[in-house]
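*Asks:* compute the structure for the input listed below.
(2 chains)
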Amino acid sequence: METFELLTALTQATGVSGEEDHVLSVAAELVKDLGETSISTLKSLICKVKVADPSKPHIMLNAHIDEIGMLVRGIDKNGFAKIARVGGIDRRMIMSSPVIAHTEEGEFYGVVGSTPPHLIKGEKKNPTLDEVYVDFGFDSKEECEKHIPIGTILTFEGEMVELKNGLAASKAMDDRCCCASLIQACRLLKDMDTDCSITLMLSSMEEVGGQGAQTATYGIDPTHAIVMDVTFGSAPDMSKEKFAPIGGGPTLSGNGAQDSIMAKQLMATAKKHKLPFSLEPSGGNGVSGTDAAGVVNRRAGVRTVVMGLPLRNMHTPVEVLSVADLDNSAKLIAEFVAEYIR
Amino acid sequence: MTTFELVKALCDIDGVSGAEDKVRDYIEAQVKDYCDCKVDARGNLICFKKGKKTPAKKIMLSAHMDEVGFVVTGIDDDGFLRFSTVGGIDSRVVIGKRVRLESGIPAIVGTKPIHMQSADEQNTPLKISDMYLDIGAKNKEDALESVSLGDTAAFFSNTVLFGNDRIKAKALDDRAGCACLIQLLQQEAEYDFTACFTVCEECGKSGADNAAYSVQPDIAIVVECTTAADVHGVGELDQVVNQGKGPAFVLMDTRCIYDRALFKKGMAIAKEHNVPCQVKRATSGATDAAVIQTMGAGVKVMGVSMPGRYIHSASSTLKLSDIDATTQLLGHLVNGLAD
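*Replies:* Numbering: from 1, shown residues only, chains lettered A, B, ... in the order given. Next comes the predicted model:
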């Protein structure tokens, strides 16, 4: 399957943190030919891509499969729903956003509303999540509650759209793009000469604390791990010095809690195979802001390196990236694993 | 064609003020077999419908074809586009949305990620002048292959049916009004009338008076979409109009006092024919009535507005029953005001 198709299938599936079931079933179908798959206690997808002798190293390739979203926490007498966030919703862009409620009955469309502009007293502000509501187009509390029970999960509408030069925008690129890249890496590794166990782990609940990766890693018990997550791509309102170029390959860094030897080996692999990468521009304080924080210190410790995928407009329904960066990341990971994890 | 199908077809076309051509072409194709059409110098589409009788008073109906949107005003060295708004758009409904450029290519209104925002940045609405459109261009030269300065862009929106009998789309203001006039033109008429599909309402209201000059009506009915504030947290007296209660007659707005006698007669006609209607309970906004009223020696104007929520955004909504009631009402008004 082409990377773009894979990315589309994954991003368009639904899987807000804690309720990843739909995207897990989509992903499980996409990787079923790669190896034996299972779902962990906290709903992370585990796929045994290669199983080597236990004396050999065991590398885990991880990206998170959950996405940010919202949930319905109450419905007023006229059928308007109040919402709570699941993960870091950017409230600056929430007004008039179309949302989709996912219920057992099916999908319901809604629009995020706020106080009409002519009724605002004083200066306009970006409303907080508590100040907005979702209009599902129903005329009463009873009518709305019948279809949208309290606790219903909401996602932003965010279809895949192709931009120029192989760039694309969609909801949930964070972090399904890295899921797609790792799946492609596993496909390459399947046909390569390797001498280690390889497990793909797509974790739940990264956006709400990383509980999925932490517990799945304990069960997998790897010796090495590559944690792939999105990083900040350069844009007009972000200085080029501080943010990674879109289309410049993944970011690598040896700082913080990362394994600097693995990072250097990845850089050497990139140079050897003429694959692009850039240095991760955001510094660390010793604890990764990704699932790596819960991976590196499992059991007696896991040698862990983080790869970043540059992305614009993070945590919006229009997250922009370069599809070529996914392919280049996949090649880099595959070549690195084949050469160094032995 | 159902009302939903017609409104969807109209809303899915882009026609930012001054660039209404594709909307006009579509409307003309829908009505040309039912009336005499002409396009004036400004781009207004003027459709004369021959009825069984010629009324004592000449009646004009109008709805505007244009929608609010954006215009490209600059391209930076990295290929990002700067833009201005065309018509009144709250900057808060622009960020993080998708738009479609005049050439048909998609663009994203980009923003700094939440992780990088200060508390002040989260609270204070970003200005349009600080936003940019991202088409994926490598640099300025690459962007110029797809875009020219002055190109318009419209909100992108999937038009859907949702909830109880509602439609969500961009540009319901005023394509829903256009839909009502199209449906009226497609029916047999008792009396002659002229339906005008006007340009540039959202930006200067500069088209409708030219159309009115050609028509020289005695009475003009302006069919619009207005803000229904019947939403969460708004008291009953501030709700302006309510979805599901039919079209609203307008008393006055910021630029026009509508003819009082016509207002009363309109309400009476609606009541006589059991068509639901309401009164717009605010004097905000402005419509093409302002410029039609003062055309030539003056025209008596009536305002009929549909209750839309979140208008001037990518996700405006209307209740389909309100659109159908408006078409019905307009038919009765043409007949009732003829003598």
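
*Asks:* residue of the stretch 51-200 of chain B nearest chain A, please.
*Replies:* B:Gly163 (1.8 Å; Cβ to the nearest Cβ). Using the backbone N, CA and C atoms, a C-beta is placed for each residue, glycine as well.

*Asks:* shouldn't that residue be in contact with A:Phe136?
*Replies:* Yes. Between B:Gly163 and A:Phe136 a contact is recorded at 5.1 Å, counting by Cβ atoms under 8 Å.

*Asks:* so what's in contact with the two at the same time?
*Replies:* Residues touching both B:Gly163 and A:Phe136 by Cβ atoms under 8 Å, 6 or more residues apart in numbering or on different chains: A:108-110.

*Asks:* what subset of those is also close to chain B?
*Replies:* Subset of the shared contacts of B:Gly163 and A:Phe136 in contact with chain B: A:108-110, counting by Cβ under 8 Å from any Cβ of the partner chain.

*Asks:* of those, which is the most crowded?
*Replies:* Of all those, the highest neighbour tally under other Cβ atoms under 10 Å in any protein chain shown goes to A:Gly110, namely 29 neighbours.

*Asks:* check contacts around that residue.
*Replies:* A:81, A:98-101, A:134-137, A:154, B:162-163.

*Asks:* with adjacent residues omitted, what lies nearest to A:Leu182?
*Replies:* A:Leu61 (4.7 Å; Cβ to Cβ, 6 or more residues apart in numbering or on different chains).

*Asks:* what does A:Asp259 give?
*Replies:* Using Cβ to Cβ, 6+ apart and skipping residues adjacent in sequence, the residue nearest A:Asp259 is A:Arg303, 4.4 Å away.

*Asks:* for chain B, what is the nearest residue in chain A?
*Replies:* Counting by Cβ to the nearest Cβ, chain A gets nearest chain B through A:Gly137, at 1.8 Å.

*Asks:* and the residue nearest to A:Pro98 when sequence neighbours are not counted, how many neighbours does it have?
*Replies:* Spatial nearest neighbour of A:Pro98, chain neighbours left out: A:Glu157 (4.2 Å); criterion: Cβ to Cβ, 6+ apart. A:Glu157 has 19 neighbours, counted by other Cβ under 10 Å.

*Asks:* how many other residues sit next to B:Lys97?
*Replies:* 25.

*Asks:* could I get the contacting residues of it?
*Replies:* By Cβ under 8 Å, 6+ apart, the residues touching B:Lys97 are A:93, A:96-97, A:318, B:108-109, B:155-156, B:314.

*Asks:* is the longest helix seen in chain B up against chain A anywhere?
*Replies:* Identified as the longest helix of chain B according to DSSP state H is helix B:320-336. No. Helix B:320-336 does not reach chain A (Cβ under 8 Å from any Cβ); its nearest approach is 10.6 Å.

*Asks:* mind listing what's buried along that helix?
*Replies:* For helix B:320-336, burial by neighbour count (16 or more other Cβ atoms under 10 Å in any protein chain shown) applies to B:320-336.

*Asks:* same question, stretch A:222-241
*Replies:* Those would be A:222-238, for stretch A:222-241 by 16+ other Cβ under 10 Å.

*Asks:* so it, near chain B or not?
*Replies:* Yes. Interface with chain B: stretch A:222-241 contributes A:232, A:235-238 (Cβ under 8 Å from any Cβ).

*Asks:* average pLDDT for that stretch?
*Replies:* The average pLDDT for stretch A:222-241 rounds to 88.

*Asks:* with adjacent residues omitted, what lies nearest to residue 293?
*Replies:* I'll assume chain A. Counting by Cβ to Cβ, 6+ apart, the nearest residue to A:Ala293 once its immediate chain neighbours are dropped is A:Val287, at 5.2 Å.

*Asks:* right idea, wrong chain: chain B
*Replies:* B:Val301 (4.7 Å).

*Asks:* list the residues that contact the one you found.
*Replies:* Contacts of B:Val301 by Cβ under 8 Å, 6+ apart are B:219-222, B:256, B:258-259, B:262, B:289, B:292-293.

*Asks:* again, but for A:Lys164
*Replies:* B:105, B:135-138, B:142, B:146.

*Asks:* and what of A:Asp325?
*Replies:* A:Asp325 sits next to A:181, A:246-250, A:309-310 when contact means Cβ under 8 Å, 6+ apart.

*Asks:* which of the contacts of B:Lys97 sits closest to A:Glu5?
*Replies:* Distance to A:Glu5, by Cβ to Cβ, is smallest for A:Val318 among the contacts of B:Lys97, at 19.9 Å.

*Asks:* the closest one: neighbour count?
*Replies:* A count of nearby residues for A:Val318, using other Cβ under 10 Å, gives 26.

*Asks:* my read: it touches B:Ile108, true?
*Replies:* Yes. The pair A:Val318 / B:Ile108 is scored as a contact, 4.4 Å apart, by Cβ under 8 Å.

*Asks:* overlap in contacts, these two.
*Replies:* Joint contacts of A:Val318 and B:Ile108 (Cβ under 8 Å, 6+ apart) are A:161, A:169, B:97-98.

*Asks:* mind checking which of the residues you listed land in helices?
*Replies:* Using DSSP H, none of the shared contacts of A:Val318 and B:Ile108 sit in helices.

*Asks:* now, which of these sits nearest B:Leu6?
*Replies:* Of all the shared contacts of A:Val318 and B:Ile108, B:Leu6 sits closest to B:Arg98, with 24.2 Å by Cβ to Cβ.
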